[in-house]
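>>> here's my sequence, what's the structure:
(chains A and B)
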Amino acid sequence: MNVAATSHTWGIVWRLAWRNLWRNYRRTLIMLSAIAIGSWAMIVMISFMRGMVDDMINNSVQHFLGHVQIHNPHYRDDPSIVNRMPPLPDQARQFLDQPPWRWSQRIRVPAVISSERESLGVELMGIVPEGEMTLSSLPKQISSGHFLNSADSDGIVIGARLARRLQTELGKRVVIMSQDPDNNIADRGFPIVGIYTASMESLEERYAFIGLHTAQRLLNVGNSLSEVEIQGPDFRHVDNLYETLQQLLPGRDVAPWYRLDTYLGTMLGVMDGFVLVWIVVIFLALSFGLVNTLVMAVYERVREIGLIMALGMRPAAIMQQILLETLLLLLLGLLLGNLLVLLTVIPLHDGIELTSVAEGMEMFGATPRLYPVLYAKDWCLANGLVIVLGLLAGLLPAYRASRYDPVRALSKH
Amino acid sequence: MAENKRVDNKLIDDNVVKTNVSENSAVDCKNLCKVFVQGDARITALDHVSLTIPKGDFVCLSGPSGSGKTTLLNAIGGLDTPDSGEVRIAGQRIDQLGKAAMADMRLHNIGFVFQAYNLIPVLSARENVEFVMQVQGVSMAERRQKTQDILSEVGLDGMEDRRPHQLSGGQQQRVAVARAIVSRPALVLADEPTANLDSVSMEHLMDLFVELNQNHRITFVIATHDQRVMAYARRQIHMQDGKIVSDERR
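Residues are numbered from 1 along each chain as shown, chains lettered A, B, ... in the order given. Below is the predicted model:
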């Protein structure tokens, strides 16, 4: 009987909770607004922070980081031509030639580039243009001239800012100087065939591109390579690719992006922690209003609670009623908050231009356009945590209500 | 009342109904004691009260304010626990029950009518009457039928959907009575049920109580100051200073 009676009380518990919620509708609307604005603030803020971190990672991924890289085991400690590696074996190439993988191979060494007026340090990238086009954004951002035609191209492509600093221009010649594996100077003149621009100016003076075969001849390394970069569909899911390549390429250094750039990898981890802290901080601010609302709602109904207890409603059902009222308040507030989130995020899907703080954003490796990125897990976490913490906040008033003595409660005025 | 002989609860004189415990008892109290402490003062609300009420009886508890009527009613109804003594409802001892079991006992055995109308303000008249049955798990169809019947019986046809604040005092009290009796409990406890009613409403309500008592054998225990209400009772118990000072059957 008891179990059945308890299940039957749900109908009346629901009705009482819903109607009591609207009994003092002004107070309920104020609390709903607070929950809605709080949840809106927490989710929108998280989406912009996620967007910034995603932007930083995607920028780096598109700028020669990739999702996974393969090197000589010593290359990352000393990225010189001495620590080169032979081309990939056939088995690994066959694996990487299948969708969804995109990959390319490079010579990547430090070098000095000189015009007739200036000399500057750069990263010399010997690349295969067709492969690089599928991986990197820079080859597509040519502002004048053209990108390299082939791995045997005799020209060089540099960034606009590097060209300015070298006081040179399209069509002029520059000299590249580096070291071969025997520590001899390797140098050669190249005509500038293209100039690229980048969303971050720092990139424009960092990379200089020549053909892969041209670089191999310049450095006298046969068909050796400095690195192979692979990209998949999503930077968040690279572990399977990384593990497969590790098995296919024993003796080589296979590393995912978050190990190649530990700053970015840490940022992603820090963001997860930040999201949690941010949700809890916002909720703490909300919880004062929530607890106050619930305490007042219970305090105003002491006599009524005494009455329904006297009529035979169990203490557990009283507790259910107050908790259900809390849950309804939270759900309605979150529903409004989430609608506000959509109304904010959808119109801003093209991002917000932050040119005034572009340099600061660049320092973080982010573009001066801030995009909101909503992760389902952040959305669930924010809503779930608010519900769980809100119910916890409602426990005390609910418990107190369930412990009322019917006689004392009925005598309250 | 003044001429009634003052008696100790354990000493029953010829005019007093014998308090034999039997299976036919709706209520059986033994040696109930209850003391309230307010600051330094100790107020004895119940002083070794023993009482047996057979099923189907119609009892009025009378006495001045502070005599212990409401405390006794609360102890019988399981709303309050005596400091010592035993309370049995339909043979089941209730003074040692936990809160949930006590709530179940009230739900299935007792109907309450309080002095102030004590309706649930967010529910309509119909929903207030249905409340107890809904908690009991009675089906919706049966609830609706019984509620309609009882509201007609108490003269509230057409007012089913009104909220308490849309009803007069008498109408509210009739809803409260309908709620107390709709599930045909074995025992109805009423604390000053007519205190806020005019004469016509009072008579209508008492006639209803008598009709339910006679036709459905519902036991009524009514605490009241009102001589007109006492006139309806078959048995009148007078209390003073926490003791039963007279117990008479008419």
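
>>> chain B contacts on chain A?
A:1-2, A:4-5, A:7-9, A:11-12, A:15-16, A:19-20, A:23, A:303-304, A:307-317, A:405-407, A:410 (Cβ under 8 Å from any Cβ of the partner chain). Every residue, glycine included, has its C-beta placed from N, CA and C.

>>> now list the buried members of the residues you listed.
Applying 16 or more other Cβ atoms under 10 Å in any protein chain shown to the residues of chain A next to chain B, the neighbour count classes A:5, A:8-9, A:12, A:15-16, A:19-20, A:303-304, A:307-315, A:317, A:406-407, A:410 as buried.

>>> how many other residues sit next to B:Arg42?
9 (other Cβ atoms under 10 Å in any protein chain shown).

>>> pretty sure it contacts B:Val35?
Yes. Counting by Cβ atoms under 8 Å, B:Arg42 does reach B:Val35; the two are 5.5 Å apart.

>>> mind giving me the packing neighbours of the helix or strand harbouring B:Val132?
Element membership for B:Val132 (DSSP states H and E) is helix B:125-136. Here helix B:125-136 touches helix A:2-21, helix B:99-109, helix B:140-153, helix B:169-181, going by 3 or more Cβ pairs under 8 Å, 6 or more residues apart in numbering or on different chains; DSSP states H and E.

>>> which residues are in contact with that helix?
Contact with helix B:125-136 is made by A:5, A:8-9, A:11-12, A:15, A:308, A:311-313, A:317, B:107-108, B:111, B:119-120, B:123, B:142-144, B:146-147, B:150-151, B:156, B:159-164, B:167, B:171, B:175-176, B:178-179, B:182-183, as judged by Cβ atoms under 8 Å, 6 or more residues apart in numbering or on different chains.

>>> run the last query once more with 6 Å
Here helix B:125-136 makes contact (Cβ atoms under 6 Å, 6 or more residues apart in numbering or on different chains) with A:9, A:12, A:311-313, B:107, B:119-120, B:143, B:147, B:159-160, B:162, B:175, B:178-179, B:182-183.

>>> one more: stretch A:269-281?
A:Met42, A:Ile46, A:Val53, A:Asp378, A:Ala382, A:Leu385.

>>> reformat these as CSV; add secondary structure, neighbour count and distance to A:Gly251.
Below are the contacts of stretch A:269-281 laid out as CSV (DSSP: H, G, I helix; E, B strand; the rest coil; neighbours: other Cβ atoms under 10 Å in any protein chain shown; distance: Cβ to Cβ, whole Å):
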residue, secondary structure, neighbour count, distance to A:Gly251
A:Met42, helix, 26, 48
A:Ile46, helix, 26, 42
A:Val53, helix, 20, 34
A:Asp378, helix, 22, 40
A:Ala382, helix, 27, 46
A:Leu385, helix, 17, 46
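
>>> so among those residues, where is pLDDT lowest?
pLDDT is lowest at A:Val53 among those; the value there is 84.

>>> I figured that one hits A:Met267, correct?
Yes. A:Val53 lies in contact with A:Met267 (Cβ atoms under 6 Å); the separation is 5.5 Å.

>>> okay, now the unreliable bits of chain A?
Scanning chain A for pLDDT under 70 picks out A:1-7, A:356-368, A:413.

>>> what's the nearest residue to the one residue in chain A that gets nearest to chain B if we skip its chain neighbours?
Residue of chain A nearest chain B, by Cβ to the nearest Cβ: A:Gly312 (2.6 Å). Nearest non-adjacent residue to A:Gly312, counting by Cβ to Cβ, 6 or more residues apart in numbering or on different chains: B:Leu107, 2.6 Å away.
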